Structures are given as C-alpha cells and as structure tokens.
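K.L.:
curious how this folds, go ahead:
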Amino acid sequence: MGSIKIFHCFFEQSGTFKNEFRKLGYEAYDYDILNEFGETDFVIDLFNEIKNAYKNKPSIFDKITNEDTILAFYPCTRFEDQIQMGFRGTMHQMKNWSIEQKLEYDLKLHRELSELYENITKLAIVCVRKQIPLIIENPYSTTHYLVKYWAIPYSILDINRTTRGDYYKKPTQYWFINCKPKNNMILEAYSAENAKSIEYIHNKTERSMISKEYANRFIREFII
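P.N.:
Here you go, the predicted structure:
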C-alpha cells in the first residue's frame, strides 16, 4: 500500500469508490451532506469545511494527513455544457419566459457558478498548502467551465467509461494534484452490453451513478 494510509472520498456517489477501496484492503471513508443510500460515513457540509480550511479555521482537513488521499466527485451542475443554454435563455422550459425572468435567472445561475468555482479552487488551494494528494473528478467537454477557466489542466481524460466497465460512455476528466496517475497495466476487457444511453436518463442521481466495476478498475489502474 506504500505510504497511503486512508482514502477520503468526498461528495455524492463517492460511496462506490469507498466500498471498492475497502474490498482491496484499504481504509476508506466517504463524506457528503446527503445520505441517499444510508451508508455515508460522515454526513457533513463539505463546502463549509472547505471554506473554514481555506481561512485556516478548524475543519475536517485537520484530520487528513499528507499520507492520505482525497478523491472528490465535485458537483458539476453549473460547469457542464447544458448550463450555457440556461444563460442564453434557450432551454425548452424557458420559451415563454420574459426577458426580465431570463435575466433574473442569469443572476441566479452566475451566483451558483461563482460559488462552485470558488469552492473547488479553495479545495485545491487547501490541499496544495497541506500537501494532501487530491484527485478531482468531473465530466469533460471542450466547453466545460474548468477546461476553459482553470489554471490546472486535467491529468486523465477517460473518453469512454464503458471500456472500463461503467454504465455510460460519458467523457470524464480527472485532476491529480500533489500526486500522479499510476498508469498500471490492467489486462481485463469489459463488455459494453450493459451500457446505457445517458440522453434518456433524467434522474440526477442515476445520471451520476458509477458502477463498482469501473471504480475497482480505475483504482487499480491509476491510484494504487
């Protein structure tokens, strides 16, 4: 296991990775403000913890050492392509909105985007200061907000997640901060028979689900 002691999995859907770390013999915990599946180890407001740590106030980061690793499935709802249609007022449900309604919605979206951007950047800064290895996951596209407006380029781009056993093709990017991907050779092939088309999945939780097969493969290929 090298020098890594504990894996700390942040935000929604991190429980899948936590469980696979444990199956592989590692100590791992997940943290989120929600507990949809009844198995979140620490129900906690991570945004507040990030803000406190950034200001050098007491936070959950005080219990994480630079021998541990944080794996953050950071909320992407305001970074993805679809949000641009909201800013332009061209979403189907907005066709009968007035100009004032659309502009008020622009202000709301921008506030939410700004807060998410500040918090992910503060998360990275906190880990840089404390020298904590940090891996961040988010969807990928050429117009993704972090692709265009962040100082850190992604470390891994997974164009088709079904080749590693996931439900969706869904291009995904990963940032490795204070650490590097392992790039281990995994001689396994996965069938795409169980793959789903994300265009027809409207439930937010279901859209963000990650299969245990994908989590296990990704951990072994890039993290341990």
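K.L.:
can you pull the pLDDT of the residue of the chain positioned farthest from its centre?
P.N.:
Computed with Cα atoms, centre = their mean, the maximum C-alpha offset from the centroid of the chain is found at residue 98, amounting to 34.6 Å. Per-residue pLDDT puts residue 98 at 97.
K.L.:
same thing with residue 188?
P.N.:
Reported pLDDT for residue 188: 80.
K.L.:
once you drop chain neighbours, what's closest to it?
P.N.:
residue 217 (6.9 Å; Cβ to Cβ, 6 or more residues apart in numbering). In this view, the C-beta of every residue, glycine as well, is placed from N, C-alpha and C.
K.L.:
list the beta-bridge partners for the most centrally placed residue in the chain.
P.N.:
In the chain, the centroid-proximal residue (Cα atoms, centre = their mean) is residue 73; its distance is 2.1 Å. Bridge pairing for residue 73 (DSSP bridges) gives the partners residue 137.
K.L.:
thought residue 14 was touching it, still the case?
P.N.:
Yes - at 5.2 Å, residue 73 counts as touching residue 14 under the criterion of Cβ atoms under 8 Å.
K.L.:
after the helix or strand of the chain with the lowest mean pLDDT, next one along is what?
P.N.:
Least confident helix or strand of the chain, by mean pLDDT, DSSP states H and E, is helix 204-207 with a mean of 56. Remark: after helix 204-207, the chain's next helix or strand is helix 212-218, criterion DSSP states H and E.
K.L.:
CA-only coordinates of that following helix in CSV, if you can.
P.N.:
Taking only C-alpha atoms (Å, rounded to 0.1, in the frame of the first residue of the first chain), the coordinates of helix 212-218 have been written out as CSV:
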residue,chain,number,x,y,z
LYS,A,212,-18.5,-0.8,-8.9
GLU,A,213,-16.6,-2.4,-11.8
TYR,A,214,-15.5,0.9,-13.1
ALA,A,215,-14.5,2.1,-9.6
ASN,A,216,-12.4,-1.0,-9.0
ARG,A,217,-10.7,-0.8,-12.3
PHE,A,218,-9.9,2.9,-12.0
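K.L.:
what's it packed up against?
P.N.:
Helix 212-218 is packed against helix 14-23, with contacts defined by 3 or more Cβ pairs under 8 Å, 6 or more residues apart in numbering; DSSP states H and E.
K.L.:
list the buried residues in the helix it packs on.
P.N.:
For helix 14-23, the neighbour count (16 or more other Cβ atoms under 10 Å) marks 14, 15, 16, 17, 18, 19, 20, 21 as buried.
K.L.:
how far out from the middle of the chain is it?
P.N.:
Chain-centre distance of helix 14-23: 14 Å, with Cα atoms, centre = their mean, to the nearest Å.
K.L.:
helices and strands around that helix, which ones?
P.N.:
strand 6-10, strand 27-32, strand 69-73, helix 212-218.
K.L.:
contacting residues for residue 120?
P.N.:
Taking Cβ atoms under 8 Å, 6 or more residues apart in numbering, we find residue 120 in contact with 74, 136, 146.
K.L.:
does residue 126 count as helix, strand or coil?
P.N.:
helix (DSSP: H, G, I helix; E, B strand; the rest coil).
K.L.:
so the nearest residue to it once chain neighbours are set aside is in which element?
P.N.:
Among residues not flanking residue 126 along the chain, residue 53 sits closest, at 4.5 Å (Cβ to Cβ, 6+ apart). Secondary structure assigned from DSSP H and E places residue 53 in helix 46-54.
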